[in-house]
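[1] what follows is a predicted protein model with its sequence.
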Amino acid sequence: MKKKFFCSIVGACLLLAEDSVVLQDITTQDEAIIDGASYRSEDIINNPGSRSVLSKKQLKQSGHVTIDAALQEVPGVQVREYSGTGVLPKLQFRGFGGAGNGHTNTGLILLDGNNVYGGPYSNIELAIFPTTFQMVERIDVIKGGASVQYGPNTFSSVINIISKEIPKEWENEISERITFWGKDTGQPFNSKIGLANNMLFDTFLRSGGMIGEHFGIQAQANIIGGQSFRENSDTSVQNYKLDAIYKINANHVFKGFYQYYYFKANDPGSLGTKDYYNNRFQNLRPNQYNSGVAKRMGVSYNWFFGSGEKFDGDFSLNYYFHDATRNFAIDQGKYNQVTNGSALTGETIIDNLRRFVVNTFEPKANFRITTGSVKQNIVVGARYTGEDLYYSTYHNGVMQPKSAKGTNYYNNFWAFYISDEIKFFDEKLSINPGLRYELLNPGYSNIKNGVSNGIVRETSHQFNPAVSITYKPIKDLVFYANYQKSFLPPQTGDITGTSFEVTTTFQNTEVGARYFLNPYVSFNATYFAIFADNYRIGKFAQGLYGVSALSQGVELETYITPVRGLNIHLAYSFTDARVANHKTEEIHGKFLPYVSPHQFSFDATYDIPKFATLGISGYYYAKSYSDIMNTKEESMDGKKGQLPDYFVFNAQISRTLWKHGKQRIDGSLGINNLFNAKYYFRGIGTSPAGRQPAPGRSVTCYVSYKF
């Protein structure tokens, strides 16, 4: 019976596959498997734009415990880490995304090459984040020149989160991570602080590997439960993933995956100023919570052809599907109020359910041609994306009648793209023009007085050109420049709430250089400028008008290995993001909300021979504004006021506790926010008013057994 069950699971896996192609820029051909594991990987070195990678070592040994915390090491990526659990990260990229409804709503985010947004075109809102930290192998970030192959929402950044791959030999892993949260002392940088009763348990199980030469399978489970740093902040996450690979031969490969993800987390929300000072970790919104379920699957086929001397290439056929449902439960009329010493509880609990059913189908071919001294990489592809979105609202468990447009959406999007990288002069000079055409055909149900009057459809066209240039005067020095046009279709929230149905367009440029001085020192410097027109995702736009905005800045990043075993990573970004034009004259030249103009981050690991690895990480954010008028003083309603600057420092010690053959036990002890920095945000999720506390000090113990 057990054998039959195992065979049925294997058979199911063969029907599923994931596009495990690691994120590529528009100028290089896709490979079946790209290393991308360190800043010295070939695809990173030759990338014609700003690109960062968070390696396995950085993620595991630098004191990070969530994906969003780790992303703060990437210049240009700013994070409002408010939960401490990584359940619903709030990310913004190069000045955009901080003034929306509090959910990540800018920058393309991929999980193993697949879009994780509920509606990849029409609902850029990370209301469910179907991954967990212990399942991640590395993170790849491209911030320029990616619009041709990856479509809309690529203007500021493309992040590919890469999960643990199937190992060559069979491996098993059991690990446990426990986080103990600190109490609130009421004072910043107070060292006399004890631990609260809140504990968060993070259990990870993995088993998989190649079975013979042709077939591989892997099963993973990540179970998280317990409390976050806030009082009454119950959190539960279940993440299950099944991967399979079938190598027919060296030229034909099938891959597949199926994933089930569930989460539910109490949302203590924001506090009034007085309550924040009394105890910033208290929960005065006991009825609020977030929850969601995502079922994801994919199948991919890769064919490699050609001799490799004058001509070779590959063809891929990828299918991806997800069915995701999320819910934000709030107290009617209370979530928009500021607390004042007592719990905010209303008579009506509103459940805001959204269901997203997405199908994506993409054929793509890469042709690599050598003619004399000229080399070409031609990429041709197409993509279909279908989005069915369903909106429902419940009051105290009773479904409310649908009486307006935008309760259901039936969207279809077609894309066709081509790019041609041409290399001259022994590959010292590379020029890559590209073009992507998008046919948008969204539709919404026209409901009046609870009666459906059919589906209203609209059609529009988008042309996204891009070009990149790289020049390598010497082997280890790369100069690059790129331009791309990107766009955002009208979002569902704007269509239903503001009748703003204008496409947002972005012109993105980069100029920079990457230099590898020697095997121990590398440096990257980038200037970027993003011009946005009709930008409406930020709720600071007035009436029916979006803003024209300009975000420009400089990003610096360096890796240094001064002595054996010591690896240092430093990053700095300066971002000047302002309103360039708007119908309301008073906001001309104002800074975009939630954008810290100065951001500094670092991480370092030091391997002490035959003992342990010491790791540290940290980040600094300068002050920012929480409204478009750049109000400095905190308002009575808690919706305005300058946000504080802050510095967070983490430390961790890791070591192998025992090893015998293929068996090993690893452990670590880490402290996050070592100095207990006290800071807060505004306008996150279902708490638009008041102060949203950030995590205080915590201690994390970790142990892993591999065999």
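    Okay, I see it.
[2] buried set for the helix or strand containing residue 421?
    Remark: residue 421 resides in strand 408-424, with elements defined by DSSP states H and E. By neighbour count on 16 or more other Cβ atoms under 10 Å, the buried set for strand 408-424 is 408-413, 415, 417-423. C-beta: built from backbone N, CA, C; applies to glycine.
[3] tell me the one of the residues you listed nearest residue 108?
    Checking the buried residues of strand 408-424 against residue 108 by Cβ to Cβ gives residue 415 as the nearest, at 13.4 Å.
[4] from residue 215, how far off is the nearest residue to the closest one once chain neighbours are set aside?
    Closest residue to residue 415 apart from its sequence neighbours, by Cβ to Cβ, 6 or more residues apart in numbering: residue 383 at 4.5 Å. Residue 383 sits 29 Å away from residue 215, going by Cβ to Cβ, to the nearest Å.
[5] if you count what's nearby, which of those two comes out ahead?
    Higher neighbour count among residue 383 and residue 215: residue 383, with 20 against 16, using other Cβ atoms under 10 Å.
[6] list the contacts of the more buried one.
    Going by Cβ atoms under 8 Å, 6 or more residues apart in numbering, residue 383 touches 151, 360-362, 414-415, 417.
[7] and for residue 95?
    By Cβ under 8 Å, 6+ apart, residue 95 lies in contact with 156, 530, 549, 551, 553, 575-577, 592, 595.
[8] try 10 Å
    Residue 95 sits next to 76, 78, 106, 156, 528, 530, 532, 549-553, 575-578, 591-592, 594-597 when contact means Cβ atoms under 10 Å, 6 or more residues apart in numbering.
[9] and if you look at residue 613?
    By Cβ under 10 Å, 6+ apart, residue 613 lies in contact with 57, 60-62, 565, 567, 605-607, 652-656, 666, 668.
[10] and the residue nearest the centre of this protein?
    The structure's the chain has its C-alpha centroid closest to residue 109; by Cα atoms, centre = their mean the separation is 4.4 Å.
[11] hmm, that residue is touching residue 156, no?
    No. Here residue 109 does not reach residue 156: they are 11.2 Å apart, not a contact under Cβ atoms under 10 Å.
[12] could you list the low-pLDDT ranges of the stretch 301-450 of the chain?
    Confidence mapping of the stretch 301-450 of the chain against pLDDT under 70 gives the ranges 403-406, 448-450.
[13] who's in contact with the strand or helix carrying residue 58?
    Secondary-structure assignment from DSSP H and E places residue 58 in helix 56-61. Applying Cβ under 10 Å, 6+ apart, the external contacts of helix 56-61 come out as 37-39, 55, 64-65, 67, 69-70, 73, 133-134, 136-139, 162, 164, 567, 569, 603-607, 612-617, 652-654, 666, 668, 670, 702, 704.
[14] quick check: next helix or strand after that helix?
    helix 67-71.
[15] sorry, back to before: can you list the buried residues of strand 408-424 in a markdown table and add distance to residue 300?
    Shown next, in a markdown table, are the buried residues of strand 408-424 (distance: Cβ to Cβ, whole Å):
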| residue | distance to residue 300 |
| --- | --- |
| 408 | 30 |
| 409 | 27 |
| 410 | 26 |
| 411 | 24 |
| 412 | 22 |
| 413 | 20 |
| 415 | 18 |
| 417 | 18 |
| 418 | 21 |
| 419 | 20 |
| 420 | 24 |
| 421 | 23 |
| 422 | 28 |
| 423 | 28 |
